[in-house]
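Enquirer: Next comes the sequence, and after it the predicted model I'd like to discuss.
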Amino acid sequence: GESVGLHLPTLSVQEGDNSIINCAYSNSASDYFIWYKQESGKGPQFIIDIRSNMDKRQGQRVTVLLNKTVKHLSLQIAATQPGDSAVYFCAETRPGGSYIPTFGRGTSLIVHP
Amino acid sequence: KAGVTQTPRYLIKTRGQQVTLSCSPISGHRSVSWYQQTPGQGLQFLFEYFSETQRNKGNFPGRFSGRQFSNSRSEMNVSTLELGDSALYLCASSPTGGREKLFFGSGTQLSVL
């Protein structure tokens, strides 16, 4: 999940397990959400997005679930691999005017071989 | 297509100095955004440029400024550096700056001594 402290929440999994990373977003009016992955020494990289008229979207080995009732987003990674080790951010975009996304604090995923 | 390119990769400055960071977006992308990333505050939006105009601005002091050129390349400038400006500065581009995914560069790591 997300944290307001200095330390990122960390999820440790074994290679081959499924991973679930959670994100609580702040604005009930937000209508577009993106998950990004940031590997060490690199900038964030797009993984998958979802609009508020959907509650689930699938990509390659990843699924995003959106629960607007409780303002919750999750990223599921199937058959997690060591290359999935990174910090994962959710970002929300609100309607009206600027489309600047607001990023969550991030979750560190560590995959053990 | 080449990705987003940021230069320099690393910078060391002392308090009171000023610094200029450069960003070349993906060819065809007209929107360029800048973010500051620190362990304590996460990804914070600085500003967004579109067609050489600052279209959106985050909550940063006036010491932080930027510009965009006719070829969409962008620079950001920080004057009178403070210790707290030490951070990873990320540039992101997108085609229109609308409700769409961002493409990030690898960032410039700025250390202020």
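Expert: All right, it came through fine.

Enquirer: Is residue A:71 in contact with residue A:23, as I believe?
Expert: No: because the distance of 9.4 Å does not satisfy Cβ atoms under 8 Å, residue A:71 is recorded as not touching residue A:23. The way it works is simple: take the backbone N, C-alpha and C, and place the C-beta from them, glycine included.

Enquirer: Who has more neighbours out of the two?
Expert: Per other Cβ atoms under 10 Å in any protein chain shown, whichever of residue A:71 and residue A:23 has more neighbours is residue A:23, with 25 against 15.

Enquirer: residue contacts, the residue nearest to the more buried one when sequence neighbours are not counted?
Expert: Leaving aside its chain neighbours, residue A:23 sits nearest to residue A:90 (3.5 Å; criterion: Cβ to Cβ, 6 or more residues apart in numbering or on different chains). Residues in contact with residue A:90 (Cβ atoms under 8 Å, 6 or more residues apart in numbering or on different chains) are A:2, A:23, A:25, A:33-36, A:73, A:75, A:103-104.

Enquirer: cutoff 7 Å now
Expert: A:23, A:25, A:33, A:35, A:73, A:104 (Cβ atoms under 7 Å, 6 or more residues apart in numbering or on different chains).

Enquirer: same thing with residue A:71?
Expert: By Cβ under 7 Å, 6+ apart, residue A:71 lies in contact with A:24-25, A:28.

Enquirer: Nearest spatial neighbour of the residue of chain B found nearest chain A, chain-adjacent residues omitted?
Expert: Nearest to chain A in chain B, going by Cβ to the nearest Cβ, is residue B:104, at a distance of 3.2 Å. Closest residue to residue B:104 apart from its sequence neighbours, by Cβ to Cβ, 6+ apart: residue A:43 at 3.2 Å.

Enquirer: And the contacts of residue A:90, which is closest to chain B?
Expert: residue A:104 (7.4 Å).

Enquirer: how many other residues sit next to that closest one?
Expert: Other residues close to residue A:104 by other Cβ under 10 Å number 23.

Enquirer: my guess is it meets residue A:26, correct?
Expert: No: using Cβ atoms under 7 Å, residue A:104 makes no contact with residue A:26, being 8.8 Å away.

Enquirer: Let me see the ranges of the strands in chain B.
Expert: Taking DSSP state E to define them, one finds strands in chain B at B:5-7, B:10-13, B:19-24, B:31-38, B:42-50, B:53-57, B:64-68, B:74-78, B:87-94, B:103-104, B:108-112.

Enquirer: Need the contact partners of the least confident helix or strand in chain A by mean pLDDT.
Expert: Least confident helix or strand of chain A, by mean pLDDT, DSSP states H and E, is strand A:102-103 with a mean of 93. Contacts with strand A:102-103, where a contact means Cβ under 7 Å, 6+ apart, come from A:89, A:91-92, B:42-43.
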